[in-house]
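> sequence plus the predicted model coming up.
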Amino acid sequence: MVYLHEAPSSRRLRILTFDPSLATMLETASINQITLPVVWEQDLKPGPIGEYIEVVDYDPASEVGYQPVDLNDPHLLAQDGVVPSESNPQFHQQMVYAVAMTTINQFERALGRVAFWADRKWKTREGEYRQQFVRRLRIYPHAIRDRNAYYSPVKKSILFGYFPVTTTDANNTPGTIVFTCLSHDIIAHEVTHALLDGVHPRFNEPTNPDVHAFHEAFADIVALFQHFSYSVVLENQISKTKGDLQTENMLSQLAQQFGRATGRGAALRDALGGPNKDTGKWEPRQPDPHALINVFEAHARGAILVAAVFRAFLVIYRSRTADLFRIAAGPTGRLPEGDLHPDLTKRLAVEAAKCADRILQMCIRGIDYCPPVDITFGDFLRAVITADLDYSPDDEGSFRIAFIQSFREWGIYPRGVKSLGVDALAWKSGDELMRNMLAASKSGYGTLGSTEDQIKSEELGYKTYLKENFLSGTNNWNLESDRFEVWKSLQPIKAILWQWLRGGDHYGQGYAKLFGLEIYGMTSLSTVYQKNGEATVEVHAVRPAVRRTIRGTIRTDLVIEITQRRRGYFDKEEQVKMDSSPEPLSSEVKGDFTYRSGCTILIDPTTQEIRRVIKTPGTITNNDELERVRRFLCGEMGISGNAFDSGLALSLRAENYINNSEPFAMLHQEQED
């Protein structure tokens, strides 16, 4: 008799919890490695090469190609993969694959869709733009002999470096090699860069001090909170700190080995504090509402956002564990001397893991609620609050309040809001914006008047038009579909939406206005990219999302990004001259920089509801917003540290900075310099 067995849901692979340095210290050797359940890929090939990842282990500096690991080898399946080893390249391959797949799973769980890498784009000889689906992200464990690791948007690859230790102290031995591909935090950080690029490719373009800083901060947030999903590490650190996670602990630190090997004497970054320059002792960092004013380097500025998010986690953690500490303290109000009881340690670890998972999911869900360009920390706060409002309307556990409180303490606030209340921070729904737009119109569109009945009638007409001309046939995908097939099914929607907005009837014009687009009659500013006398639009992305709310209901969305372009010039007089050019500028004329505006919209294809509209502050013709971007690029300082009215302390005019095709390589190298 033949028995048929279903494929397992996961394969077990051993990884290092932080990096190899923990194995050589007595107090951390016991938590140096764990075994991860990694989603089972039936057709995983040696490399490993799977659905999402392709590991290519060639070392150009040494001109050596290493044998690819075959994780389907029966011997490796029987012993949870390759045994952790600093000197075995096959373990290096296993390490990057396992951590990368774990990070991808975090995104898919939060966003409710399969992960997509950023498309390859090019311009044909005829001047038309083309896009190519990228199935796999390439990972090179030994790509460069340098103190660096970075994601390449051009290559759609992650390149890890390695370097010899040159310092001598208690933590370093000269001549030993540090492999960045063996750092859990560096791997998770770089994979997050790639995943975020797949959602928001325009976040690579620096238009304010927060853009690159946000990329770095978001990658750190994902890497940090992934620590809390490893129970052996979590319980160890809770026991060590007696449950007080505000004190120095490994859960808040990133890339310990890399930081020590490069002479810092501590982890590369710490969300809670760092060593005092005078005493050398670790000190906690207190919230500072003025911290952003004079901090502009991307990693340092991003660290402020990380600190704000981590503080929100600590506030919730303290709130949810206060009863446990009161019970343990008893009548004296103080914890007993010595170690925590193992049962208390486990209970605290469970609560910390739940809080950390919710915070991480809030942050990842929030990226679907960000504007398509010119992201600021304040925009991210609004995105997180709005996404969580849709997920959990009742805010069970006060997670949103903790975020608002923490961001306020760190001086992070969004533009254009009158208060930091949840209702003021939440992005508006399309229905609310539409009613305001229709009610404010004296003559309306078509036969529209301003009475309540007329407004309701016109609203119904808009939704009917939306369903018949755009939303029909948008449910031809599901989470089990092939990623390429899903990608192909979404491409025609871009063309339909583009034509829909440019249709010329009063519905198309109305929706364009609702989304903050300026399309019709745009001949007054020649610097705006135009076609046939009308401003062009780019339907930048269409993404599906199927999410389960905290109540268990299923919510389906299409997340759509639309942008417009305008040529910017560093010289104001040149800007005025080019704006008023009597003839539309040729598409070959680029200007000194590109100013973009646009919106992100979330549409429920089942109910035809435009659930959220997230617009940039100004339209494409807004001279004040263009001036703000110019000031930033020219290095002119503003009066505040928040990104919407400030610039960098150094000039970014240099062509090789503005148009740099490898922003993360440069950013990570600059941090070393």
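Sure, I can see it. Quantities reported herein were computed from a predicted structural model and do not represent experimental measurements.

> helix or strand next in line after the longest helix seen in the chain, which one?
Identified as the longest helix of the chain according to DSSP state H is helix 298-329. Beyond helix 298-329 on the C-terminal side, the first helix or strand identified by DSSP states H and E is helix 342-366.

> chain center to that next one: distance?
20 Å (C-alpha atoms, centre = their mean, to the nearest Å).

> after it comes which helix or strand?
According to DSSP H and E, the helix or strand after helix 342-366 is helix 377-391.

> okay, the angle between that following helix and helix 298-329?
Angle, helix 377-391 to helix 298-329, by axes from the mean of the first three to the mean of the last three C-alpha atoms, to 10 degrees: 50 degrees.

> restricting to C-alpha, output helix 377-391 in CSV.
Below are the C-alpha coordinates for helix 377-391, written out as CSV (Å, rounded to 0.1, in the frame of the first residue of the first chain):
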residue,chain,number,x,y,z
PHE,A,377,8.1,61.0,10.3
GLY,A,378,4.9,62.8,10.9
ASP,A,379,3.3,61.2,7.9
PHE,A,380,4.4,57.8,9.3
LEU,A,381,2.6,58.6,12.6
ARG,A,382,-0.6,59.3,10.7
ALA,A,383,-0.2,56.2,8.6
VAL,A,384,0.3,54.0,11.7
ILE,A,385,-2.7,55.5,13.5
THR,A,386,-5.0,55.2,10.5
ALA,A,387,-4.0,51.7,9.7
ASP,A,388,-4.5,50.6,13.2
LEU,A,389,-7.8,52.4,13.4
ASP,A,390,-9.0,50.3,10.4
TYR,A,391,-7.6,47.1,12.1
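
> ranges for the helices of the stretch 151-300 of the chain?
Applying DSSP state H, counting those that start in this stretch to the stretch 151-300 of the chain gives helices spanning 184-199, 210-226, 231-241, 256-261, 298-329.

> helices or strands up against the third one?
Meaning helix 231-241. helix 342-366 (3 or more C-beta pairs under 8 Å, 6 or more residues apart in numbering; DSSP states H and E). For every residue, glycine as well, the C-beta is placed using N, CA and C.

> for the helix it packs on, packing partners?
Using 3+ C-beta pairs under 8 Å, 6+ apart, helix 342-366 sits against helix 89-111, helix 210-226, helix 231-241, helix 298-329, helix 377-391, helix 399-409.

> looking at the ones you listed, which is nearest to Gln253?
helix 210-226 (8.4 Å; C-beta to C-beta).

> average pLDDT across that closest one?
Helix 210-226 carries an average pLDDT of 95.

> can you give me the distance of Gly421 to Val99?
Computed as C-beta to C-beta, to the nearest Å, the Gly421 to Val99 distance reads 39 Å.

> looking at the two, which is more packed in?
Val99 (27 against 11; other C-beta atoms under 10 Å).

> isn't the more buried one up against Val191?
Yes: contact status for Val99 versus Val191: in contact at 7.3 Å, counting by C-beta atoms under 8 Å.

> next, the buried residues of the longest helix of the chain.
Residues of helix 298-329 classed as buried: 298-299, 301-318, 320-321, 325, 328 (neighbour count, 16 or more other C-beta atoms under 10 Å).

> what of stretch 604-613?
Quick answer for stretch 604-613 (16+ other C-beta under 10 Å): Pro605, Gln608, Glu609, Ile610, Arg611, Arg612, Val613.

> the fourth one - that's part of a strand, no?
Yes: when classified by DSSP: H, G, I helix; E, B strand; the rest coil, Ile610 is found to be part of a strand.

> for it, which non-adjacent residue is closest in space?
Computed as C-beta to C-beta, 6 or more residues apart in numbering, the closest residue to Ile610 that is not its neighbour in sequence is Gly430, at 2.4 Å.

> ok, that neighbour - how many residues close by?
24.

> about what we covered before: give me the angle between the longest helix of the chain and helix 231-241.
Angle between the axes of helix 298-329 and helix 231-241 is 70 degrees (criterion: the same axes, to 10 degrees).

> ok now helix 298-329, how far from the chain's centre?
Worked out by C-alpha atoms, centre = their mean, helix 298-329 lies 20 Å from the chain centre.

> now the angle from that helix to helix 210-226?
Going by the same axes, to 10 degrees, helix 298-329 makes 30 degrees with helix 210-226.

> counting contacts, what elements does helix 298-329 pack onto?
Using 3+ C-beta pairs under 8 Å, 6+ apart: helix 298-329 touches helix 210-226, strand 269-270, helix 342-366, helix 377-391, helix 399-409, helix 663-672.

> closest one to Gly416 among these?
Of all the helices and strands packed on helix 298-329, helix 377-391 comes closest under C-beta to C-beta, at 9.0 Å.

> list the contacts for the residue most central in space within the chain?
Closest to where the C-alpha atoms of the chain average out (C-alpha atoms, centre = their mean) is Leu196, at 4.3 Å. Contacts for Leu196 (C-beta atoms under 8 Å, 6 or more residues apart in numbering) come out as Phe203, His215, Phe218, Ala219, Ile367.

> mind running it again at 10 Å?
107, 118, 151, 203-204, 214-215, 218-219, 222, 364, 367, 370 (C-beta atoms under 10 Å, 6 or more residues apart in numbering).

> and if you look at Asn249?
His227, Val233, Leu234, Asn236, Gln237, Ile238, Lys240, Thr241, Asp270, Leu272.

> do you know how far the residue nearest to the centre of the chain is from Val576?
For Leu196 relative to Val576 (C-beta to C-beta), the value is 37 Å.

> also Asn294?
33 Å.

> where does the stretch 1-150 of the chain have low pLDDT?
By pLDDT under 70, the low-scoring segments of the stretch 1-150 of the chain are 1-5, 126-128.

> one more: the stretch 451-600 of the chain?
Looking at the stretch 451-600 of the chain by pLDDT under 70, you get 451-480, 503-508, 520-523.

> where along it do the strands fall?
530-531, 534-535, 538-548, 554-568, 593-604 (DSSP state E, counting those that start in this stretch).

> tell me the angle the last one makes with helix 377-391.
The reference is to strand 593-604. Going by the same axes, to 10 degrees, strand 593-604 makes 10 degrees with helix 377-391.

> each with direction, which strands does strand 593-604 pair with?
strand 554-568 (antiparallel), strand 609-615 (antiparallel) (DSSP bridges).

> make CSV from these and add distance to Val629 to it.
CSV is the format used below for these (distance: least, C-beta to C-beta, whole Å):
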stretch, distance to Val629
strand 554-568, 6
strand 609-615, 16
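
> right, and those strands - which one's nearest Gly333?
Comparing these by C-beta to C-beta, strand 554-568 comes nearest, at 44.9 Å.

> list the buried residues in that closest one.
555-568.

> for Asn72, which three-state class applies?
Secondary structure of Asn72, per three-state DSSP, is coil.

> hang on, the earlier thing: and the contacts of Asn249, which is closest to Asp388?
Set against Asp388, the nearest of the contacts of Asn249 by C-beta to C-beta is His227 (21.8 Å).

> correct me, but that closest one touches Leu251?
Yes: between His227 and Leu251 there is a contact at 4.9 Å, judged by C-beta atoms under 10 Å.

> so what's in contact with the two at the same time?
Common neighbours of His227 and Leu251 (C-beta under 10 Å, 6+ apart) are Val233, Leu234, Gln237, Ala356.

> returning to what we had before: can you put the contacts of Leu196 in a markdown table and add distance to Leu340?
Converted to a markdown table, the contacts of Leu196 look like this (distance: C-beta to C-beta, whole Å):
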| residue | distance to Leu340 |
| --- | --- |
| Phe107 | 34 |
| Ala118 | 46 |
| Tyr151 | 40 |
| Phe203 | 42 |
| Asn204 | 45 |
| Phe214 | 37 |
| His215 | 38 |
| Phe218 | 33 |
| Ala219 | 32 |
| Val222 | 29 |
| Ile364 | 31 |
| Ile367 | 37 |
| Cys370 | 40 |
